[in-house]
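Asks: Predicted model and sequence follow; I will ask about them next.
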Amino acid sequence: MICSICSDKAEGYHFGAISCAACGAFFRRSVSDQKVYSCSNRQCNIAHDPTKRGGSCRFCRFLKCVSSGMMPQDVKAKRTASSQQNVTSLYRNMNQSSILLIDQIIVFRRNIAAERQMFDSISRSTNRTNLIISLHQEFEMLRRVALGCPFFIQITEHFSIPYLGTDSKIMNDPLSDLLTLLFVFEACFLTGVKGGVQLDRLFFPNMLHVDLSEVLFTEFLECDVHASMDPYRSILNAFSYLVQMVSRSFQSANFDEPILSILLYKCLTETVPINYRHRFAEVNRDSLLTDLNRVDSTAFQHTQNIASQIHQGARAYKEAISSFW
């Protein structure tokens with residue numbers, strides 16, 4: 001067998017891809033230590049060469065690892081053998097309504113993922129224009145799917161939700177904060193899964209991505225490459241926060257679906273303005289968190305910390321993209 005990363009002799013599967021021991025170890029260290037790599041070329045030759053001193057480009061090597069099928073979550077899975085036991089214990093200690101709520105959220109996220117697969121494939125390069133187009137498509141889909149979901153209907157029961165035409169601006173939607181949080185949640189989760197922390201790259205749920213080096217980010221903004229970044233610094237900072245803070249925390253925690261569902265529900269219910277919050281939704285949230293804390297106090301603390309980061313990231317992201325319109 002040949003290593004799918006460096007073309008040296010492979011020893012078997014490592015983290016989802018056929019590779020040599022060296023590339024497997026490199027990938028494991030990159031994820032477990034949450035290293036960040038950069039490369040101005042991004043097309044470096046990473047073929048195994050025993051005579052080459054200093055090794056190959058780490059950015060291009062990690063990118064090849066991911067594109068060959070290596071999955072960052074598999075690195076953490078080997079260190080969290082008890083996580084499945086905790087999930088089983090969590091379900092065992094929950095009442096039926098809490099289990100039903102978690103299952104609804106899991107189905108909701110899967111339905112959203114299925115809807116995205118029906119989107120027209122965007123093969124164009126990622127730039128501000130394409131991002132705006134995809135955001136409109138994404139938010140329309142999120143709105144439609146969310147308003148057909150029982151738990152989301154309960155959360156927003158006290159909202160006045162009008163019909164919005166296709167030409168309406170995203171930020172005029174009374175649900176914009178909730179939809180933005182949903183989008184940011186999925187983007188940061190995906191960025192962690194796809195190795196965006198190591199690549200300094202923000203992945204969007206529809207698989208568009210933005211590289212956050214200044215040169216490539218300037219190209220994304222469709223402005224002169226020689227122009228000053230100062231007017232756009234807040235946008236770059238917002239995107240960088242999502243990658244190097246929120247996505248980094250997602251990757252490190254490596255939550256299972258039930259705990260991800262609890263985290264999402266916590267964030268959504270906290271995003272609703274206090275005067276519009278549904279009493280039963282808050283009771284449900286507190287019940288979920290109490291059960292989680294009793295079964296897995298470490299995961300509970302992670303959800304508290306990551307939720308705070310998600311809220312800050314969603315606010316920064318909304319402010320950043322509002323400048324696009």
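Replies: Nice, I can see it. If you're wondering where the values come from, they're calculated on a predicted model, not measured in any experiment.
Asks: Show me this structure divided up by domain.
Replies: Annotated domains of the chain cover 12-77, 83-322 [automatic domain parsing].
Asks: want to throw those into TSV with mean pLDDT, mean neighbour count and distance to residue 4?
Replies: Backbone N, C-alpha and C define where each C-beta goes, glycine included. Rendered in TSV, the data for the domains of the chain read as follows (pLDDT from 0 to 100; neighbours: other C-beta atoms under 10 Å; distance: least, C-beta to C-beta, whole Å):
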stretch	mean pLDDT	mean neighbour count	distance to residue 4
domain 12-77	88	17	4
domain 83-322	85	17	15
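Asks: which residues sit in contact with the residue nearest to residue 193 when sequence neighbours are not counted?
Replies: Taking C-beta to C-beta, 6 or more residues apart in numbering, and ignoring the residues beside it in sequence, residue 193 has residue 73 as its nearest neighbour in space, at 5.9 Å. With C-beta atoms under 8 Å, 6 or more residues apart in numbering as the criterion, the residues that contact residue 73 are 192, 193, 251, 254.
Asks: Most widely separated two among those residues?
Replies: Spanning the widest gap among those are 193 and 254, at 9.4 Å by C-beta to C-beta.
Asks: all helices for the stretch 51-200 of the chain, in order.
Replies: Under the criterion DSSP state H, counting those that start in this stretch, the stretch 51-200 of the chain contains helices at 58-67, 72-77, 83-92, 96-116, 128-146, 150-155, 176-193, 196-199.
Asks: can I have the longest one written out in CSV, keeping just the CAs?
Replies: Extracted in CSV, the C-alpha atoms of helix 96-116 (Å, rounded to 0.1, in the frame of the first residue of the first chain):
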residue,chain,number,x,y,z
GLN,A,96,-38.9,11.0,28.3
SER,A,97,-39.6,14.6,27.3
SER,A,98,-35.9,15.5,27.5
ILE,A,99,-35.0,12.5,25.4
LEU,A,100,-37.7,13.4,22.8
LEU,A,101,-36.3,17.0,22.7
ILE,A,102,-32.8,15.9,22.1
ASP,A,103,-34.0,13.5,19.3
GLN,A,104,-35.9,16.4,17.7
ILE,A,105,-32.8,18.6,17.7
ILE,A,106,-30.7,15.7,16.2
VAL,A,107,-33.3,15.2,13.5
PHE,A,108,-33.5,19.0,12.9
ARG,A,109,-29.7,19.2,12.3
ARG,A,110,-29.8,16.2,10.0
ASN,A,111,-32.7,17.7,8.0
ILE,A,112,-30.7,20.9,7.5
ALA,A,113,-27.7,18.9,6.3
ALA,A,114,-30.0,17.0,3.9
GLU,A,115,-31.4,20.3,2.6
ARG,A,116,-27.9,21.6,1.9
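Asks: which other helices and strands contact it?
Replies: Using 3 or more C-beta pairs under 8 Å, 6 or more residues apart in numbering; DSSP states H and E as the contact criterion, the neighbours of helix 96-116 among helices and strands are helix 128-146, helix 150-155, helix 176-193, helix 257-271, helix 279-295.
Asks: hmm, try it at 10 Å
Replies: The helices and strands touching helix 96-116, judged by 3 or more C-beta pairs under 10 Å, 6 or more residues apart in numbering; DSSP states H and E, are helix 83-92, helix 128-146, helix 150-155, helix 176-193, helix 257-271, helix 279-295.
Asks: ok, now the last one?
Replies: Based on contacts counted as 3+ C-beta pairs under 10 Å, 6+ apart, the elements that helix 196-199 packs against are helix 21-32, helix 58-67, helix 72-77, helix 176-193, strand 209-211, helix 248-253.
Asks: Skipping its backbone neighbours, what lies nearest residue 299 in space?
Replies: Of all residues apart from its sequence neighbours, residue 259 sits closest to residue 299 (C-beta to C-beta, 6+ apart), at 5.4 Å.
Asks: pretty sure the one you found is in contact with residue 303, am I right?
Replies: Yes. Here residue 259 reaches residue 303: they are 6.9 Å apart, a contact under C-beta atoms under 10 Å.
Asks: list the residues that contact both of the two?
Replies: Taking C-beta atoms under 10 Å, 6 or more residues apart in numbering as the contact criterion, the residues that touch both residue 259 and residue 303 are 253, 288, 292, 296.
Asks: Could you dump those into JSON lines with distance to residue 307 added?
Replies: Formatted as JSON lines, those follow (distance: C-beta to C-beta, whole Å):
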{"residue": "253", "distance to residue 307": "11"}
{"residue": "288", "distance to residue 307": "12"}
{"residue": "292", "distance to residue 307": "12"}
{"residue": "296", "distance to residue 307": "16"}
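Asks: and which of the residues you listed is nearest to residue 105?
Replies: Ranking the shared contacts of residue 259 and residue 303 by separation from residue 105, with C-beta to C-beta as the measure, puts residue 288 on top at 9.8 Å.
Asks: still on that earlier bit, which residues are in contact with each of residue 193 and residue 254?
Replies: Common contacts of residue 193 and residue 254 (C-beta under 10 Å, 6+ apart): 72, 73.
Asks: Just flag the most distant two among the shared contacts of residue 259 and residue 303.
Replies: By the measure C-beta to C-beta, 253 and 288 form the most distant pair in the shared contacts of residue 259 and residue 303, at 16.4 Å.
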